[in-house]
Every structure is written in structure tokens, then in C-alpha cells.
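1. My questions are about this predicted structure, shown below with the sequence.
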Amino acid sequence: MSVLLGCIADDSTGATDLANTLVKQGMRTVQLIGVPDSARPPDSDAVVVALKTRTCSPAEAVARSRAALSWLKRAGSRQFFFKYCSTFDSTAQGNIGPVAEALMADLGGGVTIACPAFPTNGRTVYNGYLFVGEVLLSESPMRHHPLTPMTDANLVRVLQAQSAGAVGLVPRPVVARGAEAVVTALAVQADGGHYCAVVDAIDDGDLLTIGEACRDLTLVTGGSGVATGLPENFRRRRLLREQAATPLPTARGAAAVLSGSCSAATLEQVRRMGEQTPAFMIDPLVLAARPDIVDAAIAWARPRLAGGPLLIYASAPPEQVARVQAELGRERAGALVERAIAAIARELVGAGVRRLVVAGGETAGAVLAALGVRGLRIGPEIDPGVPWTESIGEPPLALALKSGNFGGPDFFAKALRMLP
Ligand code: ADP
């Protein structure tokens, strides 16, 4: 069976967020890390290609997104989704507008929507203005973002400045009238020469209405929220099997938790796990002087693997991180720890580990690269936003990749308990 929904995400944690949303709505979903070399699509209802195109040049973002689109077209996708952040993270030049326009041109024109709303997380759009909680985007901390400072909350204006074609608006009163009213409004936008309309949404009901109204659009653009309503369109057309239970990863073998995240939630999770399981701490200052600490970690882990899950971590509270960074520099410290944890992950898999929980977004990226993982089958959710996944390829690995502040205090034990 071919892919129903082909998605392109402008960063990897955003890709996982979208994949997790689609799985919760009953679509079997695979996340691919970059555009695959292989022509064979995975057996899946939805595919999310994770790119890293949020802050590169528009030309580069367009080229990579078009390559992803053409792969997803070959995979037979019936509809396409371009995923970006719910705070519309973009530079002055793009890349949301340039990518959306290029994808629309490749798909033969027409109209698309832009809807980053994610009411559960406080992102709502009203009269085209994006709110973060109670304040406008331009008054939120996003105005100080180091790479994508957002200083204008009017998305029609922001997107228009990044686009050659015209951008319109479908306001909330239309959305409140239901899906057919939105379909009509989008047709009017198309007749008026708009290539894209920002669509207001202030609650989850609006997202479902918009999702239904997008049933015949070739391309939908937005945050993961607006994707909530898309699977139902396929189900109504009997293209999607009845919501099957999302299977857990089947990989069997020893288990380990690797943590390179120093976020508050992770620190507590590491503390709790350390009370229950053998733990090995990596001190970046020792690592800088003696890289053989990686061998020491493996030598420590090997004889213990049969006895239950192990914890290996570099996570440290802010004052300790500050001391390390003062001595080694922020980037060098980060890179040293990431490389060490990635090398440890590779050795552990060599020693028979098949279940890995990794804490830290950058850390998880380094681990995936070291393990050569190019694709993930998305499984059931452990805690909001963090699903179990299974790597595609040999050997299959059960992977839970947790970004810093996600997960409850007993996340690690909870994740491992879920596996049979
Ligand atoms: P998060 O998702 O919590 O932001 P990341 O893995 O993305 O976690 O980022 C954490 C960064 O901190 C990584 O680059 C990691 O290598 C680095 N790091 C981890 N432990 C330490 C430490 N003890 N001192 C300094 N840097 C550290």
C-alpha cells in the first residue's frame, strides 16, 4: 500500500512531534532522517522526512524540501504536509514562504493554508495574529530567539514578506461556521490569486474543522496541531484501516539509559533512575583529559548488562555545567560529551543492547548518527510528545528519544516498563 500523507519537517524534534500526533490519530507513521537513498517507501500510512532547514539559506531550504517532496511523490503520497514550528520560527528571508511556494509550484499550484496554532501549548491565531499564551508572539520570549527572533505577530505580514505570491486570511468567524465555510473561503482565496491563506484557530475544535476543510488540498502547511484533523479525512474515504493499536518495538535485548541533557526535568529523572539502577557518571573535565573514559564506561557496563537497565549520564546542574563551560568552552564541552555518549551508544549496541532511552535533543541526534539510524517507526506515546520508536534496519533497536524538558520524573523507568 502506498503512503497516504507525505510530510516534510524543517527540524527533527518537530518531525517527531508531528509523527507522534499522526500516530495518536491512528496513522502508522515512519520518520526518516533526511531524504532516503532507497526508492522503496516504508510500509506506512504516513511518512515524515525530517530535514534541518529552519535557518539555512532559502535556496538551500527550497532545494532540500523539493528533494523530499519528489521522494514522497514517488512513494505515492496522496497529500503533503509541510511542518514548521508553532511559533512560526523563521528568518527575515524565510524559510516558510519560499519552501511553501516552491512545494506548491511543484504540485501544480492552487491554494494552501498556513496554520501554526497549537492551543494545547498556548499557541493560537486570531485575525492572523499569533499569540503565545496571553501575549502576542512579538512580546513573547521568541522576540529574543538567537536564530529566529520573531518581532511581528501578524502572520499574514510575516509570510507575505517571505513570499512572491499573495497571502490571504481566513478569519475565526468563518472557521466557527464549520468545514464547508472554510472550504468556500479557501476557494475565494484561490480565485483572488492567493497562493496561501493564514487560517485562524483558537481551540482544538477549530483545528479539527480546518483539518476536515483541507481534505482536497494537495499541500497543507502548519504546526503539528493542524495535522490532528487530517487522518480522519483518509478514514472517511476508507483509505485508512480502522485505528489499529500502535505496536511497541519488538527488539529484545539489554537496556540502557544515556543522558546528555542538563535540563531541569532530566536532572530529576536521572536522580530517580540513579536510585534504582547502577549508574556511571561522565565528568566532562575528566573526559577532556582522558578520552579513555569511554572505554572505562563500556568496561563498567559490560558485566552489568545482563542484570537489568544501566544509566550512563553526563547530566549536571547549572552551576556544574557553568564550571565545565568556563574551563572547556561551551561548544567544546557540548561536542566532547555528545561524541562520548554517541561512542558509548555504538559500543553498547555492539555488546548486545537493543533498548535505548536517550535524553537530550542534540545528544539524541549524535546517537542516531553514530548508530547509522536513517529511519524510525513511531510507536506508542510514553509521556506527552515522546513516543517509543523502532529503528528501521539492522539490528532493530527500541529507541526513546526525549528532548530536555519532556517527561515525568519517573520517565526512564516508565519507558522501560512499557516494553514486554
Ligand atoms: P536538551 O534537550 O536538554 O537541550 P541537549 O542534548 O540538546 O539536551 O543539549 C545538552 C548539551 O549539553 C549537549 O551538547 C551535551 O553534550 C552538553 N552537556 C551534557 N552534559 C554536560 C556537562 N556536564 N557539562 C557541560 N555540557 C554538558
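-> Looks like it came in fine.
2. Those residues of this protein touching the ligand, which are they?
-> The chain comes close to the ligand at residues 260-263, 266, 284, 314-316, 321, 324-325, 333-334, 337-338, 360-363, 403-404, as judged by Cβ under 6 Å from any ligand atom. Just so you know, the C-beta spots here come from the backbone N, C-alpha and C atoms, and that holds for glycine as well.
3. What is the helix ranked longest in the chain packed up against?
-> If you go by DSSP state H, the chain has its longest helix at helix 330-350. Judged by 3 or more Cβ pairs under 8 Å, 6 or more residues apart in numbering; DSSP states H and E, helix 330-350 is in contact with strand 254-259, helix 284-289, helix 293-301, helix 318-328, strand 353-359, helix 361-371.
4. Next, format these as TSV and append mean neighbour count and mean pLDDT.
-> Putting these into TSV (neighbours: other Cβ atoms under 10 Å; pLDDT from 0 to 100) gives the following:
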stretch	mean neighbour count	mean pLDDT
strand 254-259	24	98
helix 284-289	16	96
helix 293-301	17	96
helix 318-328	14	94
strand 353-359	25	97
helix 361-371	21	91
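5. Using CSV, lay out these together with distance to Leu248.
-> Listed next are those as CSV, based on distance: least, Cβ to Cβ, whole Å:
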stretch, distance to Leu248
strand 254-259, 13
helix 284-289, 34
helix 293-301, 24
helix 318-328, 34
strand 353-359, 11
helix 361-371, 19
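6. Of all those, which one comes closest to Ala187?
-> Between Ala187 and the helices and strands packed on helix 330-350, the shortest gap by Cβ to Cβ is with helix 361-371, which sits at 40.4 Å.
7. What lies in contact with whichever helix or strand comes after the closest one?
-> Following helix 361-371 in sequence order, the next helix or strand is strand 375-383 (DSSP states H and E). With Cβ atoms under 8 Å, 6 or more residues apart in numbering as the test, strand 375-383 has contacts from 16, 19-20, 22-24, 28-33, 36, 42, 44, 246-249, 387-393, 399-400, 406-408, 411, 414-415, 418.
8. and strand 375-383 with helix 361-371, angle?
-> 140 degrees (axes from the mean of the first three to the mean of the last three Cα atoms, to 10 degrees).
9. So what's the gap between strand 375-383 and the chain middle?
-> Remark: strand 375-383 is offset 11 Å from the chain centroid, using Cα atoms, centre = their mean, to the nearest Å.
10. helices and strands around the very next helix or strand once past it, which ones?
-> Once the chain leaves strand 375-383, the next helix or strand it forms, by DSSP H and E, is strand 386-391. Contact here means 3+ Cβ pairs under 8 Å, 6+ apart; on that basis strand 386-391 packs against helix 12-24, strand 375-383, strand 398-402, helix 411-418.
11. Same list (these) but as a markdown table, adding mean pLDDT.
-> As requested, the helices and strands packed on strand 386-391 are arranged in a markdown table below (pLDDT from 0 to 100):
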| stretch | mean pLDDT |
| --- | --- |
| helix 12-24 | 91 |
| strand 375-383 | 93 |
| strand 398-402 | 94 |
| helix 411-418 | 97 |
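12. so which of these gets nearest Asp203?
-> Per Cβ to Cβ, nearest to Asp203 of those: helix 12-24, 16.2 Å.
13. May I have the closest one as CSV, with CA atoms only?
-> The C-alpha trace of helix 12-24 is given here as CSV (Å, rounded to 0.1, in the frame of the first residue of the first chain):
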residue,chain,number,x,y,z
SER,A,12,13.9,16.8,13.7
THR,A,13,12.2,17.3,17.0
GLY,A,14,9.3,18.9,15.1
ALA,A,15,9.2,15.8,12.9
THR,A,16,8.9,13.6,15.9
ASP,A,17,6.2,15.8,17.3
LEU,A,18,4.2,15.6,14.1
ALA,A,19,4.8,11.8,13.8
ASN,A,20,3.6,11.3,17.3
THR,A,21,0.4,13.4,16.6
LEU,A,22,-0.4,11.3,13.5
VAL,A,23,0.1,8.0,15.4
LYS,A,24,-2.3,9.2,18.1
